[in-house]
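1. sequence first, predicted coordinates after that:
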Amino acid sequence: DVKVTQSSRYLVKRTGEKVFLECVQDMDHENMFWYRQDPGLGLRLIYFSYDVKMKEKGDIPEGYSVSREKKERFSLILESASTNQTSMYLCASSPIGGTNYGYTFGSGTRLTVV
Amino acid sequence: TQLLEQSPQFLSIQEGENLTVYCNSSSVFSSLQWYRQEPGEGPVLLVTVVTGGEVKKLKRLTFQFGDARKDSSLHITAAQPGDTGLYLCAGASDYKLSFGAGTTVTVRA
């Protein structure tokens, strides 16, 4: 069964900590995405990558960075966590041209910053 | 401001009733997708519609893409408790998906 795996389901971090969220896909997809989901706001795109070592800013990149050293792995980094980054974080992947045909999502990481 | 507006935001119905969820935008999309998300899980793709006016059926679910490729609807016939979830529409333009805020559907037994 093909899948996107996010390393943690739940995380609690302190304000100012550096936080790493990891995502691995086993479908050999070129494209990978990080979204955050907040009630009433839907999913908002933080960063995406269409190739190894490539990254593009999404709609809300401030306070985040990403790393893609291998095709199957896409990491989201919160350089200095703040309480307004408390959210559900979702990783997704798709093949080239896959935007028109759907994404595969991970189960999400619920991050709480205290 | 949401690029895609979904309505209603919440919907609670009795088992066996029908329901329709709407997804509207002023933007034109190359395709529109519907996902269902259950609590604690990521969204799961239900369908993709690509052609203006296209209608797709998935068992009791019917999806329609507007002629101008700006809007879509999801109709569920004879809803069942297993249909409960958050329904999200997403429009594809360029290389990105933009999501609506979602419609929470609750089907009571």
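-> Sure thing, it's come through. Residues are numbered from 1 along each chain as shown, chains lettered A, B, ... in the order given.
2. which strand residues bridge residue B:58?
-> In this entry, residue B:58 is beta-bridged to residue B:61, by DSSP bridges.
3. correction: residue B:65
-> Residues in a beta bridge with residue B:65, per DSSP bridges, are residue B:72.
4. is it true that it touches residue B:47?
-> No. Using C-beta atoms under 8 Å, residue B:65 and residue B:47 do not qualify as a contacting pair, with a distance of 9.8 Å. C-betas here are computed from N, CA, C, even on glycine.
5. the two: which is more packed in?
-> The residue with more neighbours, out of residue B:65 and residue B:47, is residue B:65; 24 against 19, by other C-beta atoms under 10 Å in any protein chain shown.
6. who's residue B:6 bridged to?
-> For residue B:6, the residues forming beta bridges with it (DSSP bridges) are residue B:23.
7. to clarify, my last question referred to residue A:109.
-> With beta bridges defined as DSSP bridges, residue A:109 has these partners: residue A:89.
8. what of residue A:42?
-> Residues found in beta-bridge contact with residue A:42 (criterion: DSSP bridges) are residue A:38.
9. contacts only, for it.
-> Residue A:42 sits next to B:2, B:4, B:88, B:99-102 when contact means C-beta atoms under 8 Å, 6 or more residues apart in numbering or on different chains.
10. count the neighbours of the residue of chain B found nearest chain A for me.
-> Relative to chain A, the nearest point of chain B is residue B:42 (3.3 Å; C-beta to the nearest C-beta). Residues near residue B:42, counting by other C-beta under 10 Å, number 22.
11. now do the contacts for it.
-> Residue B:42 makes contact with A:4, A:90, A:92, A:105-108 under the criterion C-beta under 8 Å, 6+ apart.
12. cool, thanks, signing off.
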